[in-house]
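Pasting the sequence and the predicted coordinates here, then a few questions.
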Amino acid sequence: MSDLPRKAVTRTAKLAALPLGFAGRATWGLGKRIVGESAEIVGRELQQRTAEQLFKVLGELKGGAMKFGQALSVFESALPEEIAGPYRAALTKLQEAAPPMPTRTVHTVLAERLGEDWHDLFLEFEDKPAAAASIGQVHRGVWHDGREVAVKVQYPGAGEALLSDLNQLSRFARLLGPLIPGMDIKPLIAELKDRVSEELDYALEAQAQQAHAEEFADDPDVVVPAVVQQCDQVLVTEWIDGIPLSEVISDGTQEQRNRAGQLLARFLFSGPARTGLLHADPHPGNFRLLPGGPDGEDDWRLGVLDFGTVDRLPGGLPTPIGESLRMTLDGEADAVYDLLRTEGFVKESIDLDPDAVLDYLLPIIEPAQIDEFTFTRGWMRSQAARVADPRSPAYQLGKQLNLPPAYLLIHRVTLSTIGVLCQLGATVRLREELEEWLPGFVPDGLTDEEESAAEA
């Protein structure tokens, strides 16, 4: 197995072949229909071949290509069901595995960063990687003090590969658009590019992970492995076992799905309030379901990995998010409109009907309207179709709204998390988490019970 492809010409050629492959398969499909094969059968074959090629290339290249694939994977729920099947398996593969780096390369990096006697730091070290991701791979080991550890080793040339891939992908973003209805691919790629330097900096990642590990050290629901050692291109953390969330999605019981969904929502909203940081890479490969929660072995906790991308929110999630959600639920169209205009979601040069804005927002926040909501792929598809159909009022209004830069990452993380909840098919008490953790959602920080008591 060769190292991570680093030569720009090699990587560019692989990625540039993707749109040519799409066009070639479309011609193949037309030929099959001409000779009389069913359009439905040809369509399924075409989608499957396209998915296989796209994600085979992304997975092999790792780097920015795989990072882009992982970002797309959480939106699989938005695909129409008749085409979701062929993509689902290919997307899921990206969440847990990629071709490994050669052992000699791993040993070279460890010797350069930890010292020639790096073996002395470990009682055991497994050369075969336990997991691989976009810019590094993880090896299991036992630290010299007896702790089981995860050793994350960055691919040589990862930074160059990330930028090269993302630049190339942005050139044919229009062709990738149909993969996810209603999603503008170009801003997603631009945001991934903006985060490259942060993603490569293991010192920043270690700081973010340790801050979470300390805050959640005694938490009954969430487990974050502590940092053991960090240096350039190498990050050693405590090891956690558990069921990968991708396996819960494919084979989990409904109880596991519901528990995973509840804890994922809890972590999303509580993290910024407790640490001032938002975990910004919520694809299923970064989460584990661990047995042994507060109610014993039959309960489950959520293990959280990979803090390479975070949004720094010292005051927690912005209060206007909670305020606008609450006012939307209360039907306060004019107040919602004024707040959105103040925050820059509606540009000064544009005038919109406040009631139309309210009608646009209400379906999106349906999960917060009731005490318990079941997230499904069908619901996600209906939302995607509503905002993606150029003939619909929602599409026209959505094109006129603006997403301020300060909210860009929060927006993507929220959508990604909702995508994972729909993949899980989880029933979640989302409103409960919003009331507990989202600033501004409950007036003056009061719970419903406290408000009722105060009124009495």
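Right, received. Where do you want to start?

quick one, strands of this protein?
For the chain, the strands defined by DSSP state E cover 122-125, 131-132, 136-143, 148-154, 222-223, 227-231, 234-238, 243-244, 277-279, 287-293, 296-304, 310-312, 373-374, 427-428.

Make JSON lines out of those strands and add mean pLDDT and mean neighbour count.
Using the backbone N, CA and C atoms, a C-beta is placed for each residue, glycine as well. Putting the strands of the chain into JSON lines (pLDDT from 0 to 100; neighbours: other Cβ atoms under 10 Å) gives the following:
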{"stretch": "strand 122-125", "mean pLDDT": "98", "mean neighbour count": "15"}
{"stretch": "strand 131-132", "mean pLDDT": "78", "mean neighbour count": "20"}
{"stretch": "strand 136-143", "mean pLDDT": "94", "mean neighbour count": "20"}
{"stretch": "strand 148-154", "mean pLDDT": "96", "mean neighbour count": "23"}
{"stretch": "strand 222-223", "mean pLDDT": "97", "mean neighbour count": "21"}
{"stretch": "strand 227-231", "mean pLDDT": "96", "mean neighbour count": "18"}
{"stretch": "strand 234-238", "mean pLDDT": "97", "mean neighbour count": "22"}
{"stretch": "strand 243-244", "mean pLDDT": "94", "mean neighbour count": "19"}
{"stretch": "strand 277-279", "mean pLDDT": "97", "mean neighbour count": "23"}
{"stretch": "strand 287-293", "mean pLDDT": "88", "mean neighbour count": "19"}
{"stretch": "strand 296-304", "mean pLDDT": "83", "mean neighbour count": "18"}
{"stretch": "strand 310-312", "mean pLDDT": "93", "mean neighbour count": "20"}
{"stretch": "strand 373-374", "mean pLDDT": "98", "mean neighbour count": "16"}
{"stretch": "strand 427-428", "mean pLDDT": "98", "mean neighbour count": "20"}
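
what's the closest of these to Asp330?
strand 373-374 (18.1 Å; Cβ to Cβ).

Name the surrounding residues that touch the closest one.
Under the criterion Cβ atoms under 8 Å, 6 or more residues apart in numbering, residues Glu366, Pro367, Gly425, Ala426, Thr427, Val428, Leu430 lie in contact with strand 373-374.

Of these, keep whichever come out buried.
Among the contacts of strand 373-374, those classed as buried by 16 or more other Cβ atoms under 10 Å are Pro367, Gly425, Ala426, Thr427, Val428, Leu430.

Now do the same contact list for the third one.
With contact set as Cβ under 8 Å, 6+ apart, Ala426 has these partners: Arg257, Asn258, Ala260, Gly261, Gln262, Thr374, Phe375.

Now for the first one: which residues touch it?
Taking Cβ under 8 Å, 6+ apart as the definition of contact, the neighbours of Arg257 are Val248, Ile249, Leu424, Gly425, Ala426.

Show me how this structure divides into domains.
Domain ranges of the chain: 8-96+165-182, 103-158+197-238, 319-455, per automatic domain parsing.

which one of these has the lowest average pLDDT?
Sorting those by mean pLDDT places domain 8-96+165-182 lowest, at a mean of 51.

so which of the strands of the chain gets nearest Leu362?
strand 373-374 (13.7 Å).
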